[in-house]
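Below are the sequence and a predicted model; questions follow.
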Amino acid sequence: MKLTDILVRDACLPDMKARTKKEALRELSDALAGAVEGFDGGALLNMLLEREQLGTTAMGDGIAIPHARMESLDRLLASFGRSRQGIDFDSIDGKRTHLFFVLVAPGKEGSAHLLTLAHISRMMATDDFRARLLDLETTEDLFRAFEEEESKK
């Protein structure tokens with residue numbers, strides 16, 4: 001499965017306003033709620049905050065992949081956000097986080113979300129691709145970047 005297949009275009013935020021971890025999770029949850037009919041952004045925010053209490057989802061290198069399972073979903077969904085100033089997200093390398101992927105899986109879904117987490121991690125492993133995402137201006141640029149990166153695989 002390609003990231004562009006599950007990424008909700010209208011829930012992508014190339015210029016996040018959040019300044020804190022909680023604000024970032026709220027902004028990303030609200031974006032999905034605004035883009036997907038019937039989606040409960042408040043429930044997602046609570047799940048993401050609970051997940052963060054178990055340990056940060058910030059991987060280092062300016063990347064975080066907050067994730068949750070929602071019983072009400074029938075398919076895997078993802079959104080993306082970029083913070084130009086960066087956010088203290090308790091990253092394992094101590095650096096600010098700029099690139100955020102929210103992954104929401106159906107409650108009964110098997111391992112597809114784990115494979116997607118691994119896929120995103122591999123895509124974000126190159127400095128050049130991360131730099132490209134930091135420089136993009138529009139959602140169209142973002143989707144083009146993902147499509148081009150995934151076509152290399």
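Happy to help now that I have it.

only C-alpha atoms for contact and neighbour calcs from this point on.
Noted.

now what about the least confident helix or strand in the chain by mean pLDDT, what contacts it?
Between all helices and strands in the chain, the lowest mean by mean pLDDT, DSSP states H and E belongs to helix 112-123, at a mean of 85. Counting by CA atoms under 8 Å, 6 or more residues apart in numbering, helix 112-123 makes contact with M1, L3, I65, L76, L103, V104, A105, F129, E149, E150, all of which sit outside it.

can I assume the fifth one sits in a strand?
What that stands for is L103. Yes: assessed by DSSP: H, G, I helix; E, B strand; the rest coil, L103 belongs to a strand.

Could you save the contacts of helix 112-123 as CSV and add columns showing pLDDT, distance to L32 and neighbour count?
Converted to CSV, those look like this (pLDDT from 0 to 100; distance: CA to CA, whole Å; neighbours: other CA atoms under 10 Å):
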residue, pLDDT, distance to L32, neighbour count
M1, 74, 20, 9
L3, 90, 16, 19
I65, 95, 15, 20
L76, 91, 12, 19
L103, 94, 10, 22
V104, 94, 10, 23
A105, 91, 13, 23
F129, 94, 24, 15
E149, 91, 24, 13
E150, 90, 23, 14
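
sorry, back to before: using CSV, write out the CA atom coordinates for the least confident helix or strand of the chain.
Below are the C-alpha coordinates for helix 112-123, written out as CSV (Å, rounded to 0.1, in the frame of the first residue of the first chain):
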residue,chain,number,x,y,z
ALA,A,112,-1.3,-3.2,7.9
HIS,A,113,-0.7,-0.2,10.1
LEU,A,114,2.6,-1.7,11.3
LEU,A,115,3.7,-2.2,7.7
THR,A,116,2.7,1.4,7.0
LEU,A,117,4.7,2.7,10.1
ALA,A,118,7.7,0.8,8.8
HIS,A,119,7.2,2.2,5.2
ILE,A,120,7.0,5.8,6.5
SER,A,121,10.2,5.2,8.6
ARG,A,122,12.1,3.9,5.6
MET,A,123,10.9,6.9,3.4
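
Can you give me the buried ones in it?
Residues H113, T116, L117, I120, M123 are the ones in helix 112-123 that count as buried (16 or more other CA atoms under 10 Å).

cool, and stretch 28-47?
Result for stretch 28-47 [16+ other CA under 10 Å]: buried residues L28, S29, D30, A31, L32, A33, F39, D40, G41, L44, L45, M47.
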